[in-house]
Structure formats: structure tokens, C-alpha cells
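Q: Need the 3D shape of this:
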Amino acid sequence: MSLSSFARLAGVFVLLFASTTSTHADFPPHAPRGWWFRVCDRKTEAPGVQLEVRVGGNAMESQPMVSWQWHHGQPTEFNIPDSRQDLWYARKIKLHATSLQRGKNVYLAMMFNDRQIKHLDFDKDEWQEQWRADNDTEWDC
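A: Residues are numbered from 1 along each chain as shown. Sure thing, here's the model as predicted:
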């Protein structure tokens with residue numbers, strides 16, 4: 001066997017060994033893309049939150065383009081529902097978030113790609129209109 005053939009064979013074994021010893025931690029999942037939300041479970045006293053998203057620029061009173069609820073026990077990070085992926089990359093969205101139990105606090109963040117756009121701390125309802133380029137670094141969870 002020539003030296004170059006031996007080197008190629010050794011390289012193949014190294015690659016095979018490396019691929020079988022890699023763990024999930026070596027390849028962390030990608031951050032959610034587009035608009036998404038994060039709930040602070042330990043600071044959210046309400047049983048859940050109703051979320052309604054509209055494209056920015058529409059009147060606040062217009063019909064929601066998508067509406068859904070988050071409840072304790074569900075994942076605390078989530079995108080706008082798959083049925084409205086067309087909204088994931090909107091330049092500006094309007095969010096109407098409502099506590100599912102009036103007087104009970106909800107602690108929520110609006111996110112875009114890997115950046116926090118706005119954090120919300122409310123006990124009734126909250127209206128926010130945010131550009132995806134906005135930036136808010138306050139998060140106490």
C-alpha cells in the first residue's frame with residue numbers, strides 16, 4: 001500500500017470516528033428565525049396569554065391576522081403559528097397580548113431572529129407595535 005493510500009485510509013477512519021463520537025451539544029439547534037416569543041414561566045402568574053398579531057401599519061382595531069393562546073406547561077419559546085409563516089419576517093408587527101386571568105401577571109418577550117425586540121410585563125392586556133430592527137435588552141427572568 002502506498003503512503004498516499006494509507007494517508008487517505010487513515011483520514012477516512014478519523015472522520016468515521018469523529019462522526020460517531022459527536023454529541024448533540026456539538027451541534028446546538030439553530031435559534032428560531034423571524035418573529036417569535038418567549039414567556040417567563042416563573043414570572044407569569046396567569047394561566048396563559050392570548051396573542052393576536054397584525055402586520056404593522058394596519059389600524060389597531062382591524063381583525064387579527066393570526067390569533068392563538070399559550071398556556072403553562074407548553075414550550076416557553078414559540079413562533080407565530082405555522083399557518084402564518086408569511087408573517088414571520090414582516091418588517092413591523094402589532095401584538096395584542098391579553099392575560100387569560102385579569103389581574104394576573106404575564107411576562108413575555110417579542111423576539112426577532114436572535115434579538116429581543118421588546119419585553120412586556122402586564123396583568124390585563126398590552127398593545128405593542130414593533131419594528132424588527134428595534135432592540136430591548138431588559139429581561140429579568
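Q: Which parts of the protein are helices?
A: According to DSSP state H, the chain carries its helices in the segments 3-21.
Q: okay, and the helix or strand of it with the least pLDDT?
A: Lowest by mean pLDDT, DSSP states H and E among the helices and strands of the chain is helix 3-21, with a mean of 44.
Q: Taking the centroid of the protein, which residue is nearest it?
A: Among the residues of the chain, the one closest to the centroid is residue 36, at 3.3 Å (C-alpha atoms, centre = their mean).
Q: and that one, how far is that from residue 82?
A: 12 Å (C-beta to C-beta, to the nearest Å). Quick note: C-beta positions are derived from backbone N, CA and C, even for glycine.
Q: Please apply the same query to residue 130.
A: According to C-beta to C-beta, residue 130 stands 21 Å off from residue 82.
Q: what about the two, which has more around it?
A: Neighbour count, other C-beta atoms under 10 Å: between residue 130 and residue 82, residue 130 has more, with 17 against 7.
Q: pLDDT below threshold where in the protein?
A: Residue ranges of the chain with pLDDT under 70: 1-32, 57-64.
Q: Show me the strands in it, by range?
A: 35-39, 48-55, 66-71, 77-79, 92-99, 106-112, 115-122, 125-131 (DSSP state E).
Q: Give the partner strands of the fourth one in its sheet and their orientations.
A: In this case it means strand 77-79. Sheet pairing of strand 77-79 (DSSP bridges) gives strand 35-39 (antiparallel).
Q: any idea of the angle the strand it pairs with forms with strand 48-55?
A: Relative orientation of strand 35-39 versus strand 48-55 (axes from the mean of the first three to the mean of the last three C-alpha atoms, to 10 degrees): 160 degrees.
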